[in-house]
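J.: Let's see this in three dimensions:
(chains A, B, C and D)
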2 protein chains.
Amino acid sequence: MTMSNPGGRRKPPTIHDVAREAGVSRGTVSRVLNGGHYVSPAAQEAVDAAIRRTGYVVNRHARSLITGRSDSVGFLLTEPQERFFEDPNFNVLLRGCTQALAAHDVPLLLMLAGTEDERRRITRYITAGHVDGVLLVSSHSGDPVAEELREAGVPLVACGKPIGLGSKVSYVAADDRDGARDMVRHLLSLGRRRIGVVTGPLDTPGGVERLAGYKEVLTEAGIAVDERLVVSGDYSRASGEAGAERLLARAPEMDAVFVASDLMAQGVLSALHRAGRRVPDDIAVGGFDDSPAATAATPALTTIRQPWDRISSEMVRVLLAQIGGEDPAAVILPTELVRRESA
Amino acid sequence: MTMSNPGGRRKPPTIHDVAREAGVSRGTVSRVLNGGHYVSPAAQEAVDAAIRRTGYVVNRHARSLITGRSDSVGFLLTEPQERFFEDPNFNVLLRGCTQALAAHDVPLLLMLAGTEDERRRITRYITAGHVDGVLLVSSHSGDPVAEELREAGVPLVACGKPIGLGSKVSYVAADDRDGARDMVRHLLSLGRRRIGVVTGPLDTPGGVERLAGYKEVLTEAGIAVDERLVVSGDYSRASGEAGAERLLARAPEMDAVFVASDLMAQGVLSALHRAGRRVPDDIAVGGFDDSPAATAATPALTTIRQPWDRISSEMVRVLLAQIGGEDPAAVILPTELVRRESA
DNA sequence: TTCTCTACTGTGAACGCTCACAGAAGCATG
DNA sequence: CATGCTTCTGTGAGCGTTCACAGTAGAGAA
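T.: Purely as a prediction, here's the structure:
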């Protein structure tokens, strides 16, 4: 008549309970749990049934204590959080990574290193081995946290090519340069010749590479790069607006503009609209990212799709491989031109 | 001359090392780590110094194994992920919760229950005690996952009042009804009398409450609620656009519209612009959320600010309290009218 | 038969921590 | 002087796993 556990959570079954239920030893249950090598079919089946009956779930803490692995990874965002959290790409990346990890039964810990204090805490947490590896989002160059983790030998995969770090850190990135080339070639194929560019921050690889692609294609086409047609932004909407205004002031004859992010391209569209330029008739606009902003814009943006789903799944694949002992790797993924109305 | 640990991570110091270093026992170190009661100042200091010297960080797995707590919480997103991940509010909430938890040294595990399979895995994971509690984002009514967790006695705090669940689940929400009342009163004070509304989904508390606030104020002002002026959307931009078109078709004389989210309000502005209506001269537009979309819109949106930073910190506070043994609680936070250009 | 090899199983010891308990020392109270 | 109370400290046990090792049984070879 007494309640065994009034109002609380029941104590979950242990591997011991399963062993008793199945009539085998703890060792055998453990072997079944970890791949099932060297277990007889009969034992295998008995254990499986016992697990199902008891509703057993492995206690990861006990496992981690002995293996030294945590079987979890961190998703680390350093530096300007505002920029990222406003960026729809970040969402897609975070979701993709979470899901890819879930498929491997690996939990994701979200870590935001904003203040100096948080950086220290997080660095300690990671180097203490509370996560097995880190997915790093920090396009910024020479990140001190990343450097410290790399030195501590923590498996690390960056999103986008890290500038500051040595070659020993893995990364997965879209082919920014090639994407930019595609877009500029497309603008040329439309007959445009006075093509401006609003770049991303030039301390990020994406900013640098996309600008490089732009210059390459122009040069190949025999068009001299005119520095009046080059301005840089910070991927924000506002900076796109400001960039477009500067371009119009400096080169009113411009007939196309390549913008290094969709968010900035939205700003560019606003500025052009205010200036009375019709898009794409007077001036063609090409974006980059294929984020929700691209379809929300009026007119809908012609843009370069970054394969975020593949980027996230590759980041996870590379990280898990590296945790498993493989060497760091770099993965570059192709982009795709998406034609809509703006160019 | 032999490398003790070629190319790998060094084995971190244990509580034992610290005890030896400080010249005390494990027990004393443990006491210092957990609040420092019943420790002499001398021991306290010796241990602190030893911790600093050795760079000791507690092994959470070992601790969790014995305490039965995991000292981590889950951030669970069920149902339509697209909607949330596109929603800037989600970002702010996620960030706020992560930071509030970090201040308590509690890691956040991100859990996305999209497919039926993922729901099962996550439910098992949580009920197995791998997290101490759950921050729930699922405005949808009668969520089966939430129901299961509640029954299992897992501490739970929802964001927004859950419709389906019993009264035993905690939640933190903005005062949707009062916010809606403020906005509609504001529109009335502008002299508008034919006020339309684009509601949120009516299976969510936000959707229901904001509509209720709208109706209350109109009734109080002696204006009969005209159902032709009421359409509902799903918080997406596109549904706002469609909603506005329907309203214009049904009630062309409309001189204001209250839109239950900024994202939808953006859509409404597009539709009004296309229809040649000037905002706010011909028609005033009021949004809800004060998301980045509000300032990005042209004209900038007058809207209702939801106190997301407070919502997230309150969610964390209530959850930790509940994990600590306190009873479930409901917290309703006030909203604020933000005047910009659209109304 | 005897030995070896393979396939499988059980057993203790650890992993690093917390908790309960026992005990010591200091001080006031009877 | 015994007794109690408070404050502090050390010790052993045990949390639920995995891992190394020892051991068993059966098959095949010598």
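J.: What segments of the stretch 1-150 of chain A are helices?
T.: Along the stretch 1-150 of chain A, counting by DSSP state H, counting those that start in this stretch, helices occupy A:15-22, A:26-33, A:41-54, A:60-67, A:81-86, A:88-103, A:116-125, A:144-151.
J.: Give me the angle between the second one and helix A:60-67.
T.: For helix A:26-33 against helix A:60-67, the angle by axes from the mean of the first three to the mean of the last three Cα atoms, to 10 degrees is 100 degrees.
J.: What lies in contact with helix A:26-33?
T.: If you take Cβ atoms under 8 Å, 6 or more residues apart in numbering or on different chains as the criterion, helix A:26-33 is touched by A:15-16, A:18-19, A:22, A:37-39, A:43-44, A:47-48, A:50, A:58. Backbone N, C-alpha and C define where each C-beta goes, glycine included.
J.: who touches the residue of the stretch 201-343 of chain A found nearest DNA strand C in this structure?
T.: Closest to DNA strand C within the stretch 201-343 of chain A is A:I323: 18.8 Å, counting by Cβ to the nearest atom of the strand. Neighbouring residues of A:I323 by Cβ under 8 Å, 6+ apart: A:R69, A:V73, A:D132, A:G133, A:P155.
J.: Mind putting those into TSV with neighbour count?
T.: Output for those, formatted as TSV (neighbours: other Cβ atoms under 10 Å in any protein chain shown):
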residue	neighbour count
A:R69	15
A:V73	26
A:D132	22
A:G133	26
A:P155	25
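J.: Throw those into JSON lines and include distance to DNA strand C and pLDDT, thanks.
T.: What follows is the contacts of A:I323, written out as JSON lines (distance: Cβ to the nearest atom of the strand, whole Å; pLDDT from 0 to 100):
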{"residue": "A:R69", "distance to DNA strand C": "12", "pLDDT": "93"}
{"residue": "A:V73", "distance to DNA strand C": "20", "pLDDT": "97"}
{"residue": "A:D132", "distance to DNA strand C": "16", "pLDDT": "96"}
{"residue": "A:G133", "distance to DNA strand C": "19", "pLDDT": "96"}
{"residue": "A:P155", "distance to DNA strand C": "20", "pLDDT": "95"}
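J.: List the contacts of A:V331.
T.: So A:V331 contacts A:Y171, A:V172, A:A173, A:E314, A:V318 (Cβ under 8 Å, 6+ apart).
J.: Now intersect these with the helices, please.
T.: Counting by DSSP state H, those place A:E314, A:V318 in helices.
J.: just the helices of the stretch 1-150 of chain A: most buried one?
T.: Across the helices of the stretch 1-150 of chain A, averaging neighbours per residue (mean count of other Cβ atoms under 10 Å in any protein chain shown) puts helix A:88-103 on top, at a mean of 21.
J.: Can you name every helix or strand that that one contacts?
T.: strand A:73-78, strand A:108-113, strand A:133-137, helix A:308-323, helix B:81-86, helix B:88-103, strand B:108-113, helix B:116-125 (3 or more Cβ pairs under 8 Å, 6 or more residues apart in numbering or on different chains; DSSP states H and E).
J.: Partner strands of the second one and their direction?
T.: Applying DSSP bridges, strand A:108-113 is found paired with strand A:73-78 (parallel), strand B:108-113 (antiparallel).
J.: Next to chain B, which bits of the stretch 201-343 of chain A? Give me the list.
T.: A:R237, A:Q266, A:S270, A:P292, A:A296, A:T298 (Cβ under 8 Å from any Cβ of the partner chain).
J.: go with 7 Å
T.: By Cβ under 7 Å from any Cβ of the partner chain, the residues of the stretch 201-343 of chain A that approach chain B are A:R237, A:S270, A:P292, A:A296, A:T298.
J.: So which of those would count as near DNA strand C as well?
T.: Restricting those to those within reach of DNA strand C (Cβ under 7 Å from any atom of the strand) leaves nothing.
J.: Now do the contacts for A:L301.
T.: A:D262, A:A265, A:V285, A:G287, A:A294, A:R340, A:S342 (Cβ atoms under 7 Å, 6 or more residues apart in numbering or on different chains).
J.: could you say what helices and strands the helix or strand hosting the fifth one packs with?
T.: Assessed by DSSP states H and E, A:A294 sits inside helix A:292-296. Helices and strands in packing contact with helix A:292-296 are listed as helix A:262-274; criterion 3 or more Cβ pairs under 7 Å, 6 or more residues apart in numbering or on different chains; DSSP states H and E.
J.: Give the buried residues for the helix or strand just after the helix it packs on.
T.: Following helix A:262-274 in sequence order, the next helix or strand is strand A:284-286 (DSSP H and E). Neighbour-count burial for strand A:284-286, counted by 16 or more other Cβ atoms under 10 Å in any protein chain shown, picks out A:A284, A:V285, A:G286.
J.: right, and the last one touches A:M183 too?
T.: Yes. Here A:G286 reaches A:M183: they are 4.5 Å apart, a contact under Cβ atoms under 7 Å.
J.: Return every residue with contacts to both of those two.
T.: Contacts common to A:G286 and A:M183, judged by Cβ under 7 Å, 6+ apart, are A:F258.
J.: picking up where we left off before, so can I have CSV of the contacts of A:V331 showing distance to B:S138, pLDDT and neighbour count?
T.: Below are these laid out as CSV (distance: Cβ to Cβ, whole Å; pLDDT from 0 to 100; neighbours: other Cβ atoms under 10 Å in any protein chain shown):
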residue, distance to B:S138, pLDDT, neighbour count
A:Y171, 35, 93, 22
A:V172, 31, 95, 25
A:A173, 34, 92, 22
A:E314, 30, 97, 23
A:V318, 32, 97, 23
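J.: Please look at A:R185 and A:V217 and confirm they touch.
T.: Yes. A:R185 is within contact range of A:V217, at 5.5 Å (criterion: Cβ under 7 Å).
J.: Which one of those two is surrounded by more residues?
T.: Just comparing A:R185 and A:V217: by other Cβ atoms under 10 Å in any protein chain shown the higher neighbour count belongs to A:V217, 22 against 16.
J.: in the stretch 101-250 of chain A, what residue is nearest DNA strand D?
T.: Taking Cβ to the nearest atom of the strand, the stretch 101-250 of chain A has A:D105 as its residue nearest DNA strand D, at 12.3 Å.
J.: Which residue is the nearest non-sequential neighbour of A:V198?
T.: Counting by Cβ to Cβ, 6 or more residues apart in numbering or on different chains, the nearest residue to A:V198 once its immediate chain neighbours are dropped is A:G243, at 3.9 Å.
J.: Can you name the element that comes right after whichever strand or helix holds the one you found?
T.: Using DSSP H and E, A:G243 falls within helix A:237-250. Next along the chain after helix A:237-250, taking DSSP H and E as the criterion, comes strand A:256-259.
J.: Give me the below-cutoff pLDDT ranges for the stretch 1-150 of chain A.
T.: A:1-10, A:80-84, A:86, A:139-142 (pLDDT under 70).
J.: So which bits of it are right by DNA strand C?
T.: So the stretch 1-150 of chain A meets DNA strand C at A:23-28, A:31, A:38-43, A:62, A:65-66 (Cβ under 7 Å from any atom of the strand).
J.: quick one: A:F258 and A:D117, what's the gap?
T.: 40 Å (Cβ to Cβ, to the nearest Å).
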